[in-house]
Every structure is written in C-alpha cells, then in structure tokens.
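*Asks:* Sequence below, structure please.
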Amino acid sequence: MLLSGRRILAVGPRRAVLHGFTGPVDDLGEAVLVPGLLNAHSHLELSHLAGASPAGLGFCAWVGWLMAQPLAALSFEALGKAVAQAADTGTTAVIDVGNRAGPAVAAALRAAGLSGLVCHEYLGWGRLAPQDLPPALAAAAGDGVAATASGHALYSTSPDNLRRAMAVCRDRAAPFCLHLAEHTGEVELLASGTGEFADLLRGRLLPKSWRAPGRTPVAEAKAQGLLGPGTLAVHAVHLTPDDRAILAASGTTVCLCPRSNARIGVGTADAPALLAAGIRLALGTDSLASNDDLDLWNEVRALLAAHPNLPGPAILAALTTVPAGLLGREATLGRLAPGAVGGVAVMPPDLVERLSPAGK
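*Replies:* Modelled structure (predicted):
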C-alpha cells in the first residue's frame, strides 16, 4: 500500500505498488490491515476527567458525580493526549459531541491528522433557532472536520430544539446524534414521570409543565419525528422488541458504547437482537469521564466479551463503513482503495481470527 500521509495512493501486490518507488518502506510482517477506524461517539471536551470516574454507580449517581466536576476547565494538554491516543490505536475520524469546546476539539483533531464531525449540543427548553448556532460551530468548520448541531436526549432538550438541531443536520448533510434509551431511569421517566431519575430532573432540566408521554424512549423519538436514516441513536441499551422494529423501519443507526455502559452501570445493549432486526451498528468510546481510554479495539473486546457469537464482519462494519456512510464519506473513509483518506489500522493479533469472515 502506497500512502501520502493518510491518503491511499495505491493498493496491490508489493512488486506492483513499489515499482519505481524510492521512498521509505515499512514492512509490518504478518499483519492484517483494515481501514482507519471511525469513533462514532465521543465527548473529547471531557478528556481532563480521565481516570477520575468511579465505576458502577448507576446513572443518577454518575450524573451527580459528573456535575460536581470542573466541566468548564478544558485542558488543551489532556485533549491533545486523548486525540493522540485515539490516533495511535487506529482511529482516523471521530463524531464528537459537546457544548463548550468545539473549536478546540476541531483544532486537536486536525493537529493529529484526524477528521470527523464536531457536534454542538442543543440543551434545555428555551427557544433556540438555527441562526442562533453557537460560535463554536462556525469556528469548528474546516478541512477534514465538519460541524453541526445535535440534541442531547429527550429529557434534556425540548422537542422544538431537537427538531431545530435535526434541521441543521439535514441542511449540512450530517448525522443527527441523540442519546436514547441509555438507562432504566430514562425509560421510567418517559413512561410514567416517576422514579429516581425523574426526581433528579424535576426543578432542574424539566419545566413544571412537562408531562410524561407514556411511551418508551424510542416510541417518543418516533412521535417527535427524530428517527430516520440520518439519525445516530447512541447507547440504545433498554429496548423492547417493538422499539427495535421501530428503529429498523426508520433506518436509524445505533451507536453502541459497551465499556461506558458497563463503567456507569446502566446495562448491556443487545447487539445480536439489534443486528437480527436489521439495524446498522456503529461503535463509540463515549468520554474519558466514563471510559478508561479511547481505543476502539478495546471496545471490540468488550463487545465480544458480552456477545461471543457476534459476527466479525458486522463488527468491522461498525468501525468503518457504517459510520463512514453516516458522514456521507463512504468514498473516502472506511475503505482501503486509491483515493481514500482514512489511512490504515493494524488489527490486534488477538482479534484477527475472531473478526475474519470465517469467524463466528
């Protein structure tokens, strides 16, 4: 393979590719190369919290811990280290979500030679309009790194603001990201308006006029018109069979974050059932406030530990072609072919047999 930076110029037998070539050659020996990986969900602005989060608290207690942290204390050093770690472990592009540090995240991605999408979350219930996009969005746009809006969740962003964020994404041909069905408290809140999570939000994020819709999170997202081929539903841990059918029929992609879910203690997404329903899957690390690192191969290991029979090709697609398609960059990311700009990743030896087409 002949590369210029991360751009692939030629692929083929050694003799053909190196004919007439006089530059440096790296021989990786017996190695399996795959396209550079795409992290479909991260919160890089929280990188300064690496190693600080306790494990197994449950969602409400974890939120309480997170809110007590210095969230605005962005560390450019920690951000740079986090992005470098992602790049060093094979990641070439990131779909990042945040609400404080869009320009800094975009700059860190570019400095490491990575591309992707920086999404600024609409939060709260006050009326926002597309022209009110935060300056972070405009400042983040540039070569290789695009920018858009996103919603946070059904309970933290008003229906109007979720639809406005989705409209921005449509205008920019970008995926619309939404945390969905992550924990049981969210399910209980939307079904009945009761529970520990409802008590946590009441008087804070939720307005006094809010009433539970009496639906599952997925059914409510459908009712609000938030699902579709351009939607990336993140987590999707607590779903009913009807929920999976809704997601499949809408063409929504699901991003799994298995280690983050385990770290917080919210449960395990049923990846085999999602695939069986015909739902496209992507993989993300989530943030260093709920994970040990940004190594997507470790995400694969966690996924396989929970679902040993998950097909290897589906996992590789979740790391490459599925998120590349979401970004509208299937011609340049997620493939090993001349013209692709995502570079390559080396598959860890312990995963080669498991992720091969002949694997389980």
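*Asks:* Identify each buried residue in the helix or strand hosting A107, please.
*Replies:* Under the criterion of DSSP states H and E, A107 resides in helix 102-111. For helix 102-111, burial by neighbour count (16 or more other Cβ atoms under 10 Å) applies to 102-110. (Glycine included, C-beta is placed from N, CA and C.)
*Asks:* Stretch 108-123 now?
*Replies:* By neighbour count on 16+ other Cβ under 10 Å, the buried set for stretch 108-123 is 108-110, 112, 114-123.
*Asks:* Check stretch 36-51 too.
*Replies:* 36-50.
*Asks:* before we move on, what about stretch 205-224?
*Replies:* 205-206, 210, 212-213, 215-222, 224.
*Asks:* list the buried ones in stretch 158-176?
*Replies:* For stretch 158-176, using 16+ other Cβ under 10 Å, the buried residues are 158-159, 161-166, 168-169, 172, 174-176.
*Asks:* and these as TSV, adding pLDDT?
*Replies:* Formatted as TSV, these follow (pLDDT from 0 to 100):
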residue	pLDDT
S158	94
P159	95
N161	92
L162	95
R163	94
R164	90
A165	92
M166	95
V168	88
C169	92
R172	88
A174	94
P175	97
F176	97
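*Asks:* what's the spacing between the helix or strand I246 falls within and its chain's center?
*Replies:* Using DSSP H and E, I246 maps to helix 241-250. Relative to the centre of its chain, helix 241-250 is centred 20 Å away, using Cα atoms, centre = their mean, to the nearest Å.
*Asks:* can you check stretch 204-212 too?
*Replies:* Counting by Cα atoms, centre = their mean, stretch 204-212 comes out at 28 Å from the chain centroid.
*Asks:* And that stretch, end to end?
*Replies:* This stretch, stretch 204-212, spans 16 Å end to end (Cα to Cα, to the nearest Å).
*Asks:* Check stretch 47-58 too.
*Replies:* 21 Å.
*Asks:* Let me see the residues that make contact with that stretch.
*Replies:* For stretch 47-58, the external contacting residues (Cβ atoms under 8 Å, 6 or more residues apart in numbering) are 62, 65-66, 69-70, 73-75, 78-79, 81-82, 183, 263-266, 287-290, 292.
*Asks:* Mind giving me the PyMOL command for buried ones among the residues you listed?
*Replies:* Burial among those is assessed by 16+ other Cβ under 10 Å; the matching PyMOL selection reads:
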select buried, resi 62+65+66+74+75+78+79+81+82+183+263+264+266+287+288+289+290
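*Asks:* Any regions of the stretch 251-360 of the chain where pLDDT drops low?
*Replies:* Counting by pLDDT under 70, the ranges of the stretch 251-360 of the chain that qualify are 358-360.
*Asks:* Below-threshold pLDDT in the stretch 1-150 of the chain: ranges please.
*Replies:* Along the stretch 1-150 of the chain, segments meeting pLDDT under 70 span 128-143.
*Asks:* Please, where are all the helices along it?
*Replies:* Remark: helices assigned in the stretch 1-150 of the chain by DSSP state H, counting those that start in this stretch are 14-17, 59-67, 76-88, 102-111, 135-140.
*Asks:* how far out from the middle of the chain is the first one?
*Replies:* If I follow you right, that is helix 14-17. With Cα atoms, centre = their mean, you get 37 Å for helix 14-17.
*Asks:* try stretch 20-31
*Replies:* Chain-centre distance of stretch 20-31: 33 Å, with Cα atoms, centre = their mean.
*Asks:* go on, stretch 267-279?
*Replies:* Stretch 267-279 has its C-alpha centroid displaced from the chain centroid by 16 Å (Cα atoms, centre = their mean).
*Asks:* Name the surrounding residues that touch that stretch.
*Replies:* Contact partners of stretch 267-279, identified using Cβ under 8 Å, 6+ apart, comprise 183-184, 235-239, 241, 244-245, 247-248, 252-254, 256, 258, 261-262, 281, 303, 306-307, 309-311, 314.
*Asks:* Give the buried residues for it.
*Replies:* For stretch 267-279, burial by neighbour count (16+ other Cβ under 10 Å) applies to 267, 269-271, 274-275, 277, 279.
*Asks:* Tell me the one of these nearest A324?
*Replies:* The closest of the buried residues of stretch 267-279 to A324 turns out to be I279 (Cβ to Cβ; 17.1 Å).
*Asks:* quick one, strands of this protein?
*Replies:* With strands called from DSSP state E, the chain shows them at 2-4, 7-10, 33-35, 37-42, 91-98, 115-122, 145-151, 176-180, 231-235, 253-256, 281-283, 344-346.
*Asks:* follow-up on the earlier one: quickly name whichever of the buried residues of stretch 267-279 is closest to A147.
*Replies:* Proximity of these to A147 (Cβ to Cβ) peaks at I279, which lies at 26.8 Å.
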